[in-house]
Each structure stands twice: as C-alpha cells, then as structure tokens.
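Asker: What follows is a predicted structure for the sequence shown.
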Amino acid sequence: MTFSDPVPLENAFVRLEPLTASHRDDLAEAVVDGELWRMWYTHIPSPDGMAEAIEQRLASHVGGLVAPWAIIDPATGRAVGMTSYLHLEPQNRRLEIGSTWLGRDAQRTKINPAAKLLLLERAFDELGCMAVEFRTHWYNRQSRAAIEKLGAKQDGVLRNHTLFENGTVRDTVVFSIIDVEWPTVRYALEERLAR
C-alpha cells in the first residue's frame with residue numbers, strides 16, 4: 001500500500017472510487033449547475049474540459065504524484081465531484097487532501113464531510129501520516145470555512161504563491177490536522193454525520 005494508491009473507500013454517505021475516464025459524463029454534468037468552472041479563484045474543469053482534466057490526474061497518478069478519486073453519491077450512483085491526495089511525502093508521513101470540488105447539488109450535504117472522514121481515516125490510520133494538509137485560495141471563503149469546520153487549523157498564508165492563467169495571483173491559505181488532533185477531529189466528524 002502506497003500513498004498514491006486510490007483504493008475504494010465507502011461509508012453510509014459517500015463512496016470514493018478510483019478516478020477513471022468512465023466518470024467523465026457524470027462529472028461534466030455535475031459542473032453545469034452554477035457553471036462552477038467560471039469561478040475565478042479555483043481550477044474546476046468545464047464540461048468540455050473534463051476529459052482532459054481526468055487524463056491529467058490519471059497521468060499524475062501513473063507518475064506517483066497523486067491519488068485521484070471520483071466522489072460518488074450513493075443515493076444516485078453518480079459521480080458528483082473529484083478529490084485527490086496531493087504533495088505526497090511518505091518519507092515525512094504527510095500529504096495534502098486537495099483538488100476537491102463538488103457539484104452544486106452535492107454541496108452543503110453530508111457528502112463532503114463524509115468523504116473527508118474516509119480520506120483522513122486512510123491517511124492517519126492506514127498510511128500512518130503525522131500531518132494532513134489542506135490548501136485553498138484566500139478568496140475561496142466557502143472552502144476556507146469548510147476546512148475549518150472539519151477541525152483543521154490554519155498554519156499560515158503563502159503570499160503571492162501562484163500565478164493564475166487569468167493574471168491574478170493566489171495567496172494560498174494552508175491548514176493542517178496533525179496526528180495528535182486526529183481522534184478529536186474524527187469524533188467531531190462522526191457526530192456531525194450522525195445529526
């Protein structure tokens with residue numbers, strides 16, 4: 001078992017399947033509502049660019065750089081988003097959960113916290129991580145609030161971190177959960193999902 005293995009993960013609220021080209025149609029449909037790809041502070045693929053985005057993640061996976069999943073709503077059996085393990089550092093026992101997006105209908109449901117619970121369980125309990133990181137754009141307030149709600153703490157802001165294609169510069173907000181915090185974070189997530 002390695003950090004880059006996207007093994008199937010599942011609980012009562014969500015299923016994470018290793019990403020494949022077969023998820024393209026569902027994912028292209030998921031981004032249509034709200035035209036998610038038009039948000040200037042994220043990199044969500046457009047419906048027409050979905051096949052290429054999947055190919056890029058799969059190529060990075062073959063290179064051992066990421067573990068990509070499709071996020072499946074078990075109520076419908078359809079893919080409603082994507083997520084990945086990124087910045088894999090097995091030698092330092094840390095990784096990032098990122099490049100995550102959900103279609104509008106799946107947002108503000110139990111799907112995201114349930115998916116994060118699965119990914120955190122794998123990271124801490126199976127892979128032995130000491131730290132799991134989350135990163136987002138300073139202007140992505142919805143993402144920042146969701147990360148904080150998971151129980152992650154803000155480590156800092158990487159100023160002028162990334163130059164976007166539209167000419168804007170991303171200040172990257174870095175959050176993390178460390179191994180000693182994991183039992184409390186797990187409990188809080190389980191309680192949240194039980195409500």
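Answerer: Yes, it's here.
Asker: where along this structure do the strands fall?
Answerer: Counting by DSSP state E, the chain has these strands, from start to end: 9-10, 15-18, 67-73, 78-89, 94-102, 131-137, 153-163, 169-178.
Asker: mind putting those strands in CSV, mean neighbour count and mean pLDDT included?
Answerer: Backbone N, C-alpha and C define where each C-beta goes, glycine included. Written out in CSV, the entries for the strands of the chain read as follows (neighbours: other Cβ atoms under 10 Å; pLDDT from 0 to 100):
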stretch, mean neighbour count, mean pLDDT
strand 9-10, 16, 98
strand 15-18, 20, 98
strand 67-73, 25, 98
strand 78-89, 22, 98
strand 94-102, 22, 97
strand 131-137, 22, 97
strand 153-163, 12, 96
strand 169-178, 18, 97
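Asker: wait, which of these is closest to Val32?
Answerer: When the strands of the chain are compared for distance to Val32 using Cβ to Cβ, the nearest one is strand 78-89, at 11.9 Å.
Asker: could you say what helices and strands that closest one packs with?
Answerer: Under the contact definition 3 or more Cβ pairs under 8 Å, 6 or more residues apart in numbering; DSSP states H and E, strand 78-89 sits against helix 24-32, helix 50-62, strand 67-73, strand 94-102, helix 111-121.
Asker: could you redo the ones you listed as a markdown table and give each row distance to Val14?
Answerer: Conversion of the helices and strands packed on strand 78-89 to a markdown table gives the following (distance: least, Cβ to Cβ, whole Å):
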| stretch | distance to Val14 |
| --- | --- |
| helix 24-32 | 14 |
| helix 50-62 | 19 |
| strand 67-73 | 6 |
| strand 94-102 | 10 |
| helix 111-121 | 4 |
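Asker: For Trp138, which of these is the nearest?
Answerer: Each of the helices and strands packed on strand 78-89 was scored for nearness to Trp138 using Cβ to Cβ, and the closest is strand 94-102 (15.1 Å).
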